[in-house]
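> Everything below, folded, please.
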Amino acid sequence: MRTSKVLVIALLLLSLLAPPARAGGWWSSIGMEGQPVGIGESIALHAGEVMFDTLEEAERARTQSFYAYLVREFDEKALDDALSRGEPGDWWSPLTEPIRIGTVDLSGWDANLAEAHARLDIPRVTTGPYYLMLCDEGCEAPLGNLIPARVEVTADALAARTMRRLEKTEADLSLAVQRTRNDVRRTGATLRRALADDAEQEAEQAERIAALRARLADVPRPEGPPWFAYAGWFVAGGATALLVFGRRRLRTGDAEPIVERIPDDARELTAAR
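Residues are numbered from 1 along each chain as shown. Presented below is the predicted three-dimensional model:
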């Protein structure tokens, strides 16, 4: 027990003292990877969240100006090496002259995090593949943890804009389908649980009914009185009825009133005297 406590404390101390990991999840893309841009277009770009290595770098970035550039080539091997290390170092190295195409605004600051928004104006350049990069003036240092995005510059601005809209619609539709599938899976799981609960309740009720029937079957039924008991009850009831009826007749004869006849005229009265 004591050894396990020591190990837990050691792991906590190491996690607090160790520098933040930058490989993999530390990096962030601008968000236009593989998309076309047309000459003459003006594009409002939300580059997402930008993270700076330290709070000191974030404080300096608050007073700096950042821009959007197109670069034909850069040292991709240096980026690959930086992506596999915890300390990226100075990996950004353009191999061609960067072309400024817009400005960057940082807002929503939270410690060493900020939201990056850019306004891009695609100039008349040679069409073909480029790398879009957000960096400081002259594009000597990248903006925070952002890495370049490969874009295709075309002469047809309308076609490029339409293609981006189609790609966004497809991405939104794919996301909606995925969410719908997740909802269907969750609903199906809930329904299966509800049906299982109902089946379990029905089984429990059936078991209770069967147990109750078994208990009722084990209870002995009371035996009825013999036939002569019923006969005795019948004779006693008849005798009682005759006795009551006879008493009523006697009482009726004793109470019969005597009616005195009164003569109607004087002759009858004289004769009676």
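> Next, the distance between the ends of stretch 105-117.
5 Å (CA to CA, to the nearest Å).
> Can you list the buried residues in that stretch?
Leu106, Asn112, Ala114, Ala116 (16 or more other CB atoms under 10 Å). Where C-beta positions appear, they are placed from N, C-alpha and C, glycine not excepted.
> Now do the second one, the pLDDT please.
Read that as Asn112. For Asn112, the pLDDT comes out at 91.
> So for it, what's the nearest residue that isn't a sequence neighbour?
Distances taken as CB to CB, 6 or more residues apart in numbering put Ala58 closest to Asn112, at 4.1 Å, once the chain neighbours are dropped.
> mind showing which ranges of the stretch 151-273 of the chain have poor pLDDT?
Along the stretch 151-273 of the chain, the model assigns pLDDT under 70 to residues 171, 174-175, 219-273.
> Tell me where it has helices.
With helices called from DSSP state H, counting those that start in this stretch, the stretch 151-273 of the chain shows them at 157-218, 227-254, 266-272.
> From the contact counts, what lies against the first one?
Contacting helix 157-218 under the criterion 3 or more CB pairs under 8 Å, 6 or more residues apart in numbering; DSSP states H and E are the following elements: strand 36-38.
> Beyond the strand it packs on, next helix or strand please.
Downstream of strand 36-38, the first helix or strand assigned by DSSP states H and E is strand 42-51.
> What is the following helix or strand past that following strand packed up against?
With elements assigned by DSSP H and E, the helix or strand that comes after strand 42-51 is helix 55-62. With contacts taken as 3+ CB pairs under 8 Å, 6+ apart, helix 55-62 sits against strand 99-110, strand 113-121.
> any idea of the angle the shortest one forms with strand 99-110?
For strand 113-121 and strand 99-110, the angle between their directions (axes from the mean of the first three to the mean of the last three CA atoms, to 10 degrees) works out to 150 degrees.
> How about residues contacting strand 113-121?
37, 41-52, 58, 61, 66, 68, 101-108, 132, 134, 143-144, 146 (CB atoms under 8 Å, 6 or more residues apart in numbering).
> just the buried members of those?
37, 41, 43, 45, 47, 50-52, 58, 61, 66, 68, 101-102, 104, 106, 132, 134, 143-144, 146.
> can you pull the contacts of Arg150?
By CB under 8 Å, 6+ apart, Arg150 lies in contact with Glu33, Gly34, Pro129, Tyr130, Tyr131, Leu132.
> any idea which helix or strand carries it?
strand 149-154.
> so that strand versus strand 113-121, what angle?
Going by the same axes, to 10 degrees, strand 149-154 makes 10 degrees with strand 113-121.
> Which neighbours in the sheet does strand 149-154 have, and how are they oriented?
The strands beside strand 149-154 in its sheet (DSSP bridges) come out as strand 36-38 (parallel), strand 128-136 (antiparallel).
> which residues are in contact with whichever helix or strand comes after the last one?
So that's strand 128-136. Note on strand 128-136: by DSSP H and E, the next helix or strand toward the C-terminus is strand 146-147. Applying CB under 8 Å, 6+ apart, the external contacts of strand 146-147 come out as Trp27, Ser28, Ser29, Ile30, Ala47, Val50, Leu79, Ala116, Met133, Leu134.
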